[in-house]
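S.K.: Prediction below, plus the sequence it came from.
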Amino acid sequence: MQFQMTEDQFAIQDTARRFALDRLAPGYMAREATRDLDFDLVREMAELGLVGTDLPEEFGGLDVNGVTAGIICEQIAYGDINVSYVQLLGSLLGRIICDNGSEEQAKHWVPKVTAGEVVVSLGLTEPRGGSDAANLTVRAERDGNGYILNGEKTSISFSNQASVMILLARTGDPGGGAHGVSAFLVPMDTPGVSATRFNDIGTHIVGRGSVFFDNAKVDADCLMGSEGAGFAQVMRGFDYSRALIGLQCVGAAQASLDESWQYTTERQSFGEPLARYQGVTFPLAEAETLLNAARLICYQTLDMRDRGLHHTKEAAMAKWFAPKTAVDVIHQCLLTHGHSGYSMDLPHQQRMRDVMGLEIGDGTAQIMKLIIAREKVGRIAVQYDKGIRD
């Protein structure tokens, strides 16, 4: 892996960091109360080239590599991890549309993503089990020149703020596992589509919730690719998103850690700054080390992806290690600030709540460890393999 960034990457990093510090960080806590994504802020971010940057130039992206997209995700999350979801989903789902959708689908939706005009959601998880991703029950039944959709998707980011959803629905044998699952681009204003929002402990402006399909009819041209290929189309992108998610968490934790280092130089105890006491600085030094290790795993994964190397194991490492490390680091930062850290007046409690959700979403630590074991010793590592897919 090349650890030295290019001049262009330094420039993009600087742009993203300035936007995070000037436009995102000051309103991070206030935006939580609104519970809605500020699309004016998203469009401002897009004008700087910070949304879907890795997508093709013909659709408004800059066609940069995955490492560069990761740099942006980390910097934006430093200011507000919730807003960094826009970049994450823009890169993940925009790429899925570019690679698997029709030319008309890509031309219609992807430029709107890179312009910050729309957010795309992913309809994969269902109430019966998030980890059993291949065992879907939402149905798409042929009806003349289209499909009738029925069922429920849950734990959907931007459930009632997204303009379109990449929906995975079963078009084949109900017991066929991943076979017979197709992908559709479903506008969220389609009659018969409705959404709810959950009362989560964090990521309030992301607005996780359920989306219901009640005899919702879509045209046949909403199908992405061919019938039965949807599961593979979507799941191939997860190795990418797992590294980006890791960098979201790293960025948020680094913000708390930087604030804590600063606090130790300003806070006096027994006539000395806290930074003079090893009991205070050693936990932060450990946090700095662990956070850097998580960061390097994520960038190694993205670098391997950019070079066309198999990186499923590394992506799984990034997805379980970075969120866990980030939660632990932010927790230590909260404790370092003492009673003031425990209050709702400082951002550590919010960052910890926001990051915690990514210990669950897009694959739990247990699933990631199963993937790592399987990559090392094969299917023998998975006792129950039918529904577990990476």
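M.R.: Looks like it came in fine.
S.K.: Helix or strand for S182, just tell me which one.
M.R.: Element membership of S182, judged by DSSP states H and E, is strand 181-187.
S.K.: Then M45?
M.R.: With DSSP H and E as criterion, M45 is part of helix 39-47.
S.K.: re earlier: buried stuff in the strand holding S182?
M.R.: Buried residues in strand 181-187, counted by 16 or more other Cβ atoms under 10 Å: 181-186. Heads up, the C-betas are built off the backbone N, CA and C, glycines and all.
S.K.: On the three-state scheme, the spatially closest residue to S155 that is not a sequence neighbour is what?
M.R.: In space, and not counting its chain neighbours, S155 is closest to T125: 4.6 Å by Cβ to Cβ, 6 or more residues apart in numbering. Put simply, T125 is coil when judged by DSSP: H, G, I helix; E, B strand; the rest coil.
S.K.: so what's T125 up against?
M.R.: Applying Cβ atoms under 8 Å, 6 or more residues apart in numbering, we find T125 in contact with 133, 153-156.
S.K.: got the CA positions of the helix or strand harbouring A140 in PDB?
M.R.: Assigned by DSSP H and E, A140 belongs to strand 139-143. The C-alpha trace of strand 139-143 is given here as PDB (Å, rounded to 0.1, in the frame of the first residue of the first chain):
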ATOM      1  CA  ARG A 139     -42.300  -9.900  -3.300                       C
ATOM      2  CA  ALA A 140     -42.200  -8.400  -6.800                       C
ATOM      3  CA  GLU A 141     -44.900 -10.100  -8.900                       C
ATOM      4  CA  ARG A 142     -45.100  -9.700 -12.600                       C
ATOM      5  CA  ASP A 143     -48.200  -7.700 -13.700                       C
END
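S.K.: pLDDT on it, on average?
M.R.: For strand 139-143, mean pLDDT rounds to 93.
S.K.: ok, now which residue in this structure is the farthest from the centroid?
M.R.: Here the chain reaches farthest from its C-alpha mean at G271, the gap being 44.5 Å by Cα atoms, centre = their mean.
S.K.: what pLDDT does it get?
M.R.: 84.
S.K.: So it versus Y277, what's the distance?
M.R.: G271 sits 12 Å away from Y277, going by Cβ to Cβ, to the nearest Å.
S.K.: ok, back up a step: who are the packing partners of the helix holding M45?
M.R.: helix 81-100 (3 or more Cβ pairs under 8 Å, 6 or more residues apart in numbering; DSSP states H and E).
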